[in-house]
Every structure is written in C-alpha cells, then in structure tokens.
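Undergrad: Here is my input, please return the structure:
(one chain, ligands or ions: 1)
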Amino acid sequence: MRKQFFAVATLLIMTIAVQAQNSKPAGTPLYKNAKAPIEQRIKDLLQRMTLEEKAGQLNQVNGGVFTGPAANDPGQKAKLDLAKKGGVGSFLNVIGVAETRNAQQAVMENSRLGIPLLFGFDVIHGYRTVFPIPLAEAGTWDLAAIEKNATVHAKEAAAAGVHWTFAPMCDISNDPRWGRVMEGGGEDPYLGGLVAAARVKGLQGKQFDAEHIMACIKHFAVYGAVEAGREYNNVDVSRVALWNKYLPPYKAAVEAGAATVMNSFNVFDGIPASGNKYLVTDILQKKWGFKGFVVSDWGSFGEMINHGYAVDEKDAALKALQAGSHMDMEANVSGRFVPQLVKEGKLTMAQVDDAVGRILYFKFKLGLFEDPYKYSNADREAATLFNAANRAQALEAAKKSILLLKNNHEVLPLKAEGTKIALIGLYANSKEDMFDFWIANGTANDAVTVKEGMEKRFGANNINYAPGYMADGSTDEQLVKDAVAAADKAAVVVVNIGISGKMAGEDRALANINIPEGQIRLLRALQKQGRPVIALVSSGRPLVLTNIQDITTAIVQTWILGTETGNAVAAMLAGDYNPSAKTVMTFPYALGQVPVYYNHFNTNRPAPETGDASWKSRYRDIPNEPLYPFGYGLSYTNYHYSNLSLSSEKITRSQPLQVRVTVKNSGKVDGEEVVQLYIRDIAASIVRPVKELKAFQKVFLKAGESKEISFVLTGKDLSFYDGEGNTRLENGAFKVMVGGDSKTVLEKGFELQ
Ligand code: NOJ
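TA: Residues are numbered from 1 along each chain as shown. Sure, this is the predicted structure:
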C-alpha cells in the first residue's frame, strides 16, 4: 500500500515537473531542460498529440529549398505549410544551416506542439569533402581509417544542419552491372559487416552530440540481389542465402548501434520489404532487438501497389505499419491514412504510438527539444566544410583506396624527376566525370583532376596531355592521332580510361561493363608505339578488363576517389607511398560469368583447375576463374607466405584453434599487406562455400622483414545458419587457408570433434 502510494506520488511529481516545463505559450520548445527520462517525456508527449499529429511524425517529405525564390513556389509552400501544422516529422534534402534553420523555425513557431524536425540526407562518401566511394574505401581493409573517415562525413553534415544520413549501405552484391555496388562494402558478408559497423560508429560516435549524425542501415533486405543487376528489379533468394550471405552486414550494423534502418524496394519471398513482417519485425526487431525506427525507401510504401501486394494507398499504409515499418519517405500514405485506419480499428493506437515513439526518441536523444537549432550554426558550418584537415584525410583515404592490378616489369612507380609523361584521357581532365551521383554537397569544382595532380607532382613541363576519347568513351581518328603525337614526346604513357563517374550510383545499371571500344582502339594505337602504357581505370564498379590485358603494361584501378583524386593518383604513380588496397569485389573475366564471386559453392561437378574438364561445370569459351579474385591487389613490393601451422589437428567444440603463418616482405620497399584467412567446411547438413573469409590482419612489414601472424578461430567462426536463422556448429573436417588473396593460399586441414 505504502509502496503503491509512493509510486503514484512520484509519477505525479514527475508529470507535474514535465508539465511545468511545458506550460509555455505555443512556439517555444517543449521539454526545454526537462529532467524526466526520455521514455517519460515520450509518453507525456504522446498523450498530448492528436492522431493527426502522430501521423505527421511518420511522414518524411522531400524538402529541398524553401528560401529565396523557392519561398513563393506553390509546391514548396504547401510542404512547409504542412510542416507548420505538424504534418511532417522529417524532411530529406533540406541541407545547410540557413535552410535547416528556416524550416525548423517555421515548425517551432507555428505548429501546436513544436516538435522539432529531423533533417535527413544521403551522405554516402562525404558531405562537402568527397571521399572515395565506399566500395573503394572498403578495399583498404582498414577499419580504423574507415571509421575515422565516417567521422568526417558526420562532422561536416552535422555542421550543415543535417541530423541523419541514409548510410551505410549493407547490401551484398555479386553483380557489377548494378550501379549501386559502389555504395557498399563488397561481396563478403564478414568483411561487409565489419566495414558497416565501422561506418556506423564513425557516423554516430559514442553518443549523439552535435558532431555526429544518425546512421541508417540500408536497404533492408537483400536489395543487392536484384536480378541481372537491374535497378528496382525483382529479387528471389533462398532463406539459407538470406541468413548466411545477405543478413550478416545488416546485423553487424545493428549491433554497432545504428539508429535507423531503411526498407528495400524489392520483395523477399514474394512480399515487398516494406510490408514484410518476417524481415522487419521478426528478424530485425524481435530476433536482433533493434530499438530504433525503420524508414521506407523513397515511395516504397506506396510502391507496394505496383508490386501487386497492396490494393491502394490506404492498404499500403496499413500493410507497412502492420509489418513493423515506421516512417514513410515520400509516399505520403501514412500521413494521410493512418488516422482513418485507427478510427476504423485496423491499426491500434498502440501500434501508432510505438512507431511515433521511436521517432520521438531520437529527437529527444539528439537534444532537439532542448535546442532545435543545435545543428544549425553558421560559424561552425563555415569552419568545418572542406577545411584543410578534412581534405588531408580525404587524400589519405584516396591514396589507400587505389588498387594496383597489374605492374609488368615494375614499370611503376615512375621516376618522379624529369620523366616525360604523356597523359591521355578525357576523364583525367574532366571535373564533371570524376564524380558519381552521390556526392552530397560536394562540388566538381573543388575536385583535383588527375591532370592537375600530375602536373603538380611531376611538373607541368613533363606532362603532355591529350583527351584521346569523348565523354561516352568513343573516339575518332583525330583524337587518336593527337594522343599518339602527345605520346611521341614522352617516355611513358598514362591513359585514364573507364567510364564516367556519372554512371555510378542509383539508377545507373549497365548491361555492358566492358571497356568502351573507342578506348580500346586508343590503347592499341598507343601500345604500338612501344612505350609502356599504364592504364588508370575510373569506374564505380569492377569492369571487365580482359580486353586491355595485352595492350597495357600496368593497370591501376582508381575507382572514384573524390575531391583529392589527382593528388592521390599522382602520389601513387610517383611511389610516394606503397599501395596496399585489395579488391573486395571480384573482377569478372567476361560479363557472361556474372554473378562471379569467391565464396561460391563447389557444385556437383567442379571443374579441375587444369586438365580435362569435360562434363564438368564450365564454360566452353572462357575460363571459370575471374580475371582478378576477391582480396587481390598488388603493391610495390612482394610478400611471401610460409609455415602455415595449426595449434592442433583435432579440436573440440569449445576449444579455439590457433593458426600461424609467416609473412615476409621480400621486396625492396616497406609496405602493408592484408593477410587473409579463409575456411571451408568440407561436408555439412547444408552445403557450405568453397571459401569463407573468417579473419584478416593488415600488417606493416619493412623491406626484408618477416613476421609471424597469428589468428584464433572459435566455434562461432566455424558455424553457419540454417534457413530459420538458427546457428549450427557441426563436427567434421575443415580446411584453413591463408594468403594474400582468395585464390593464392596455403592450406591445412583439421577436424572438429
Ligand atoms: C532512394 C535510394 O534507394 C536510397 O538509397 C536513398 O537513401 C533514398 N532514395 C533517399 O534519397
């Protein structure tokens, strides 16, 4: 009795305390300096909100610009008017201190309750200082650096009023036709998970302060499996593949504490992800305990009608919320239909309160109720964007991301002093083509081209430039002639080929991923002159580089490296540092191999690596092997692997296995090597891939130095998932393989008993 009395009294006092804070005229923020815990404040706020205001919190609108001439645009006015009435919980694409402050102020001063807006934006590889694309950055295998880079993305975005980015993308994909492979961490579930977690930590920091922003794991789930790499296409994967191959990166990012998750556009098991209870509630919220909120992808609630799953917009809103999704990006079905659905008894108030409460939680957590303009500080914006420290870090990231694929006769590095270089290629001199679709608030003008970087590093007098081809990769006689003439005056020819950065990102699916014919013609003409030809390949995905093997001396994959591209490329060519990237996505030998990936299954009839492959799983016209395997990348030195040893040939289920290997830098320069450990579960109740990455270390070795590297494998590393998401650890034979890429490995066997 006494206990109950105290409980009621405490609640009463807390409620009075909260309300005392809030008995302010409309237009001032609620809960300023409120002492009550967030949960209590959410509860209190939900009690004050009308059903329409709750529906408004679920509504995310593409904002854009509201000031200047846009202030009179009827469409923009309507959006802001809706927000003033409490009809918008979040804007996306409202960025910069001036715009965010203006929109926030409109809501704070006009809406009944003054619930601050959340501003979301796609900050995929930097906000203003553009870093390398995520696929290239993942190829550094440097988790600490990846996390540090993400802190810069966050710092810049947060200084410009942005609270929330739609990153990291955690979709595993084996299809370079898909334009979005650039946004992810590559083809491996384990590495992909570590990379995603590092990005989440970098973006969010340890706590939500004004230097960090909320992350959003996307696209949940299996969006990377779109058929034939075509954007917005169908997906059909098994539950075993879902659990083992696709889910691990999303799960790792959830475990790293990501605040939000985005639905994917595709279906899983015939049900669109936005309305897929199995994905959104059963796996994400129940099994993984995700407490944040789930935002749709652009219009994906409404697009369930196109899928043939929802009959109309009202049904779409119902199905999305019933599945456990929360915020509606741009379909505007929740905002319009949720009140009606509750009144009709189709949705319960508890369901709506759960969704709204999750969104309010982050508004409290970010401190927006205390200070709605916390992220909108003009001085901080001016001091932070594109400052020298951020650029220096982007340069470091770009250098580490450059992937050396071929280096015959050690033609690279070039002698930096006095070497006459012909630099050929339109992309080397085009700021426009350097960047992809996802450069956030970066501008092409800020970027250092390959030409600028090389002129600075090697001396403008030593660089003879000619474009060689047109923007689409085609060429003509004159362009080839000019290129050959430029090469005539040089000792070595550097040719920037590939495809325009504009072809990377969303809605950039390509059916043809070969090097354009015009560029091949150009390379042939240059190669005929007999000088070394070094190809720099720009692209947001692995292209088919088979056709350039015989007409190049060296191949450098330069991806899309961001603002500091030219400085990084020049430093790499000059040997100012030793490249160490290893590709996290397989380079196909031919398009017909796609999907081609290292962690494939053995099949019933694996083809032998050499000898007669009749009646085995093979192509008649090309090899099975890709051109460059996962984990592959050269440096300016060589590494030699030896003495692979295991602590035991038989281990029990609770006994860890120690794996040791000696790695020697057998070349003449210091360098960093990514030592990779793979396993194979020889026979299991569900068949397992021929190789699975389970550990790696990036080690620094001085020229001539040897180091013993040691790894520990536990039962967790040896287990896998069944189709229900249960883990299985099964006794039997395993193989351990260690090497510098997924193909060239030393191996040993052991038995789990
Ligand atoms: C659609 C894309 O699929 C998603 O990745 C992005 O975050 C949203 N648009 C918002 O721009």
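
Undergrad: So what touches the helix or strand where residue 716 lies?
TA: Element membership for residue 716, per DSSP states H and E: helix 715-718. Identification of contacts with helix 715-718 by CB atoms under 8 Å, 6 or more residues apart in numbering yields 653, 654, 679, 681, 694, 695, 729, 734, 752. All C-beta spots, glycine's among them, are computed from the backbone N, C-alpha and C.

Undergrad: May I have the beta-bridge partners of the last one?
TA: With DSSP bridges applied, residue 752 shows beta-bridge pairing to residue 651, residue 732.

Undergrad: Could I get the contacting residues of it?
TA: By CB under 8 Å, 6+ apart, residue 752 lies in contact with 651, 652, 653, 718, 729, 730, 731, 732, 734.

Undergrad: With the fourth one instead?
TA: Contacts were defined as CB under 8 Å, 6+ apart; by that measure residue 681 touches 688, 692, 718, 720, 730, 732, 734.

Undergrad: could you redo the last one with a cut-off of 7 Å?
TA: Residues near residue 681 by CB atoms under 7 Å, 6 or more residues apart in numbering: 688, 718, 734.

Undergrad: Show the backbone phi and psi for the last one.
TA: Just to be clear, that refers to residue 734. Main-chain dihedrals, residue 734, degrees, to the nearest 10: phi -130, psi 160.

Undergrad: about what we covered before: in CSV, list the contacts of residue 752 along with distance to the ligand, pLDDT and neighbour count.
TA: Listed next are the contacts of residue 752 as CSV, based on distance: CB to the nearest ligand atom, whole Å; pLDDT from 0 to 100; neighbours: other CB atoms under 10 Å:
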residue, distance to the ligand, pLDDT, neighbour count
651, 43, 96, 21
652, 45, 95, 11
653, 41, 93, 13
718, 35, 98, 24
729, 36, 98, 15
730, 38, 98, 16
731, 43, 98, 12
732, 41, 98, 13
734, 38, 98, 23
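
Undergrad: and the stretch 401-550 of the chain, which residues reach the ligand?
TA: Counting by CB under 6 Å from any ligand atom, the stretch 401-550 of the chain comes close to the ligand at residue 506.

Undergrad: where along the stretch 401-550 of the chain do the helices fall?
TA: All helices of the stretch 401-550 of the chain, identified by DSSP state H, counting those that start in this stretch, fall at 431-434, 450-458, 477-488, 517-528.

Undergrad: Present those helices as JSON lines; the columns should include mean pLDDT and mean neighbour count.
TA: Listed next are these as JSON lines, based on pLDDT from 0 to 100; neighbours: other CB atoms under 10 Å:
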{"stretch": "helix 431-434", "mean pLDDT": "96", "mean neighbour count": "20"}
{"stretch": "helix 450-458", "mean pLDDT": "98", "mean neighbour count": "22"}
{"stretch": "helix 477-488", "mean pLDDT": "98", "mean neighbour count": "17"}
{"stretch": "helix 517-528", "mean pLDDT": "98", "mean neighbour count": "20"}
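
Undergrad: low-confidence ranges in the stretch 251-400 of the chain?
TA: Across the stretch 251-400 of the chain, nothing is flagged by pLDDT under 70.

Undergrad: need the strands for it, in chain order.
TA: 260-263, 267-268, 271-272, 293-295, 328-329 (DSSP state E, counting those that start in this stretch).

Undergrad: Closest residue of the stretch 301-450 of the chain to the ligand?
TA: Among all residues of the stretch 301-450 of the chain, residue 329 sits closest to the ligand, at 6.6 Å; criterion: CB to the nearest ligand atom.

Undergrad: who touches that residue in this structure?
TA: Listed by CB under 7 Å, 6+ apart, the contact set of residue 329 reads 60, 92, 295, 296, 297, 298.

Undergrad: do the same with residue 283
TA: residue 725 are the contacts of residue 283 under CB under 7 Å, 6+ apart.

Undergrad: Show me how this protein divides into domains.
TA: The record's domain parsing of the chain by automatic domain parsing lists 391-593, 639-752.

Undergrad: Spatially nearest residue to residue 519, not counting backbone neighbours?
TA: residue 497 (4.4 Å; CB to CB, 6 or more residues apart in numbering).

Undergrad: residues in contact with the one you found?
TA: Contact partners of residue 497, counting by CB under 7 Å, 6+ apart, are 425, 515, 519, 535, 537.
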